[in-house]
Every structure is written in C-alpha cells, then in structure tokens.
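J.: give me a model of this one.
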Amino acid sequence: MERVVVTGIGMVTPVGLDLDSTWQSLVSGKSGIAGITLFPINDEYPTRIAGEVKNFEPTRYVEKKKLKEMTRFIPFAMAASQMALENSGLELTDTVKEQMGVFIGVGLGGLEGLEEVSVLCHTKGPKRVSPYFIPSLIANMAAGQVSIKYGLRGPSLAHTSACASSGHAIGEAFRWIQYGRTPIMLAGGAEATITRIGIAGFSAMFALSRRNDDPERASRPWDRGRDGFVCGEGGATLVLESLTHARARGAKILGEIVGYGTSCDAYHITKPVPNGVGAVRAMKLALDDAKLSPDAIDYVNAHGTSTPTGDVEEAKAIIEIFKDHALSKKLWVSSTKSMMGHLLGAAGAAEAAVCLKTMETSIVPPTINLDDQDPECPLEFVANQARSRVVRRAMSNSFGFGGTNVALILSEFEG
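T.: Numbering: from 1, shown residues only. Predicted coordinates:
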C-alpha cells in the first residue's frame, strides 16, 4: 500500500485567519471566544458567547458575484483550501486536476440560509425564494465549490458525521490514496453554525457553556467548573499525497498519516457510551492500522469539548488504551477547543493540523482554563501554558452525536 503524506495545510479559525496566526494564538494560550456578534442576541438565549471568525474577507477567496451561491461555511472551506494548495506548492496540471479529489466534512451546512429563507418564505411567499437557496446550504457544496473553482475532477464527497465529519473526511481520503485509487486529495472540514437556530438548538440540549460573563474562560476541558462546550466556526484543509507522487514533484513533506480508526458507540444519540468503549475501539483500530504500540504516541489532541460527561469518558478511554503510559504522564494530552471553541464538523481537520504543527515545532499547545483538574481525569493535560517536547507521533480524536468516533495518527516524516 502507498504511504500517505501531508504537503499542505490551510486554516481559518476563531483565533487566526491563516495557519501561522492560528498557531501563534494557540501556543500563546489566546482565546477566540467572545460575545456573539453574528446575529442580534438577547437574554432569551441562555448562551450568548461563541468562537466567531473575526475580520474574515470572503472576497479574498471567492469572486464577489459567486457569494450569492454560498452560505458562510463554503467560503471558509474555499479559504482553507486555497491556503493549503498554496502551502503545498502544487502545480494544478491537467493530470493533477484529473486525479485530485476533494473530501470536505461538514456537520450541519448553511444554517443561516435555512433560517433566513424560512422566514422569507413564511412572510413574503415562496416566489421570493432564490434559486441559489438549496445549493448555498447543502453540505456537499463545500467540496463541490472547491472542485469547481480548481477544476478537480476526482471524487468529491461531504462526510457528514456530526463533530467527527472532517476526521472521517481525512481518514477516508487517506484510504483512497493508500489503496492506490488516486495519488492526491484535498481533505478537511468547514462549519458555520453560530446562528439563531444553531445556538438555540444546542442551548435547548443543555450542551453549551453559560459562562456568558467570562467568555474567554468558558471552554475549560477537564476542569471541575466546566459546564458545556462553546460553538466555534471555521475551516481547515490538508493536501494529502502518496509518497511516490510527493517525491516525484519534489514536495516539502510536512508529516505523514499512518493510522485511521473509526467506530460507533451504538448507544445513544448524544451521550457517549460508559467507559468510552467506542472511543477505545477507534483508538485501538488506529494503532493497529499504524502498527504502533500505545507507548509510541507522544501526544493526543483530544476531543476534549468541556462537557461534564464527555470529558470524563474520553479520559477513561485514553487510560484504557494507553494505561501506564498515560497514568505516568509520559503521554501528553491537550484540548485546543479551550481556545478555538468547538468547530463541530471542522474540528477534526483543524486539530489534525495542530498535531502536524506540534511535531514540526516541538511545542505542545495548552489546555487553557484548567485551574482545578477533575480527579476523575488523572492525565497530563498541559494546563494553561504551552510546553516544549519532541513529538514524533500524535493522535487526534473526534467524536460526534450518534456515537460516531474517529482517531487519526499522524507521524513526523521518516524518509
């Protein structure tokens, strides 16, 4: 089977409009969470905070006349994809365009468009609905619009598995290249759900933090004071190539994907199965796929959402897999959701990119706001400040509603 390497990374997040600014914010422990500005909000909303992408200019990545075809998540995907392609130095020859596919995971798609057109249809009638309405919000149009812009005629898919969406997108792109179906893929995720119905819906589930008076400290994975996750938005994309293809064009290799595991709890629509057994299975499958023992992993970028139950179950799962390697604190774990918020369908891709930067720089980003660690979670969570460490292999976990689980293993490139 082919080895699969990463040659490009693009990101737009609540803490930065590109890869470098995002990374600098994360290693500085800077939060991107603040009061919501994307829609008028009032005290009827129990949660009034989120991780918004600030000062984003979609016309840098999308022709102005094309914006009418898109809701907010699509320009995020196009921005991240453009940056990833530029970062890769890839020349889009006719051969590359014929082979290259696009897998962009999206959890919910264009909620703000659905919201606005529902009101319009009710108040002014169906004849006022734009012909661009449906194409602007369906989840696969992130991949579709990227494919159209660059003329990429390989497979184009949207993996929609809640908060595991972009983890699945990267894992499945990895498989396509590994099995020789195509030598090159663009894979990642995008999400934009900070809307009236998005915030209202997650609030109704009691899923969100209500620490409205102190937004930068609201996302606090594994801290005893955690009270829910914080919605974030953005996009992240990786250029993946077979090692053969990357070497033939003299590409700079940023890292390698070596393992992918996925499973389902088959237990509950939102709650994780007790003792994290579904997450255990995904992590074990990823390790088996990579042919690695647990003690070969130096760092886990955890799902770590800051929910009372989910954080405990993930900690139990990590302990079950890594045992003394974790309990002796040789394994470092952190959650960058403490700063970015939860990017939902884009989270897995953003966090895989973080793992690659961690290996490149030998800096592990922190879990901020971890002031009073939950004793049920006795792991080394790199609390509050980034720390230096050589990281040769990292795992990225992504879990979603419906009990869907993904673990990716990334490695520094070793010849």
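J.: okay, buried residues for stretch 104-119 please.
T.: The neighbour-count check on stretch 104-119 (16 or more other Cβ atoms under 10 Å) flags 104-117 as buried. To be clear about C-beta, it is placed using only N, CA and C from the backbone, and glycine gets the same treatment.
J.: and which of the residues you listed is nearest residue 261?
T.: Checking these against residue 261 by Cβ to Cβ gives residue 105 as the nearest, at 16.2 Å.
J.: what sits against the nearest residue to the closest one once chain neighbours are set aside?
T.: Taking Cβ to Cβ, 6 or more residues apart in numbering, and ignoring the residues beside it in sequence, residue 105 has residue 165 as its nearest neighbour in space, at 3.1 Å. By Cβ atoms under 8 Å, 6 or more residues apart in numbering, the residues touching residue 165 are 105-107, 158-159, 189, 344-346, 348, 400.
J.: among those residues, the buried ones, what's the PyMOL command?
T.: In PyMOL, a selection of the buried entries from those looks like this (16+ other Cβ under 10 Å):
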select buried, resi 105+106+107+158+159+189+344+345+346+348+400
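J.: how about CSV for the contacts of residue 165, with secondary structure, distance to residue 69 and pLDDT added?
T.: Below are the contacts of residue 165 laid out as CSV (DSSP: H, G, I helix; E, B strand; the rest coil; distance: Cβ to Cβ, whole Å; pLDDT from 0 to 100):
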residue, secondary structure, distance to residue 69, pLDDT
105, strand, 20, 98
106, coil, 16, 98
107, coil, 20, 97
158, coil, 16, 97
159, coil, 22, 97
189, strand, 20, 98
344, helix, 22, 98
345, helix, 20, 98
346, helix, 20, 98
348, helix, 26, 98
400, strand, 28, 98
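J.: so the residue nearest to the spatial centre of the chain, which state does it fall into?
T.: Nearest to the mean C-alpha position of the chain, by Cα atoms, centre = their mean, lies residue 347 at 1.8 Å. Judged by DSSP: H, G, I helix; E, B strand; the rest coil, the three-state class of residue 347 is helix.
J.: who are the contact partners of it?
T.: Counting by Cβ under 8 Å, 6+ apart, the residues that residue 347 touches are 163, 166-167, 189, 191, 232, 303, 337, 398.
J.: stretch 85-93: which residues count as buried?
T.: 85, 87-88, 90.
J.: any idea how far it is from the chain center?
T.: 22 Å (Cα atoms, centre = their mean, to the nearest Å).
J.: tell me the mean pLDDT over that stretch?
T.: Per-residue pLDDT over stretch 85-93 has a mean of 98.
J.: what lies in contact with it?
T.: 7-10, 19, 96, 100, 150-152, 184, 186, 239, 249, 251-252.
J.: same thing but at 10 Å, please
T.: 6-11, 18-19, 84, 96, 99-100, 146, 150-152, 184, 186, 237-241, 245-246, 249-252, 254 (Cβ atoms under 10 Å, 6 or more residues apart in numbering).
J.: for that stretch, measure first residue to last.
T.: By Cα to Cα, to the nearest Å, the extent of stretch 85-93 from end to end equals 13 Å.
J.: next one: stretch 361-372
T.: Using Cα to Cα, one end of stretch 361-372 lies 28 Å from the other.
J.: over to stretch 11-30?
T.: OK, stretch 11-30 end separation, Cα to Cα: 16 Å.
J.: nice, that's everything, thank you.
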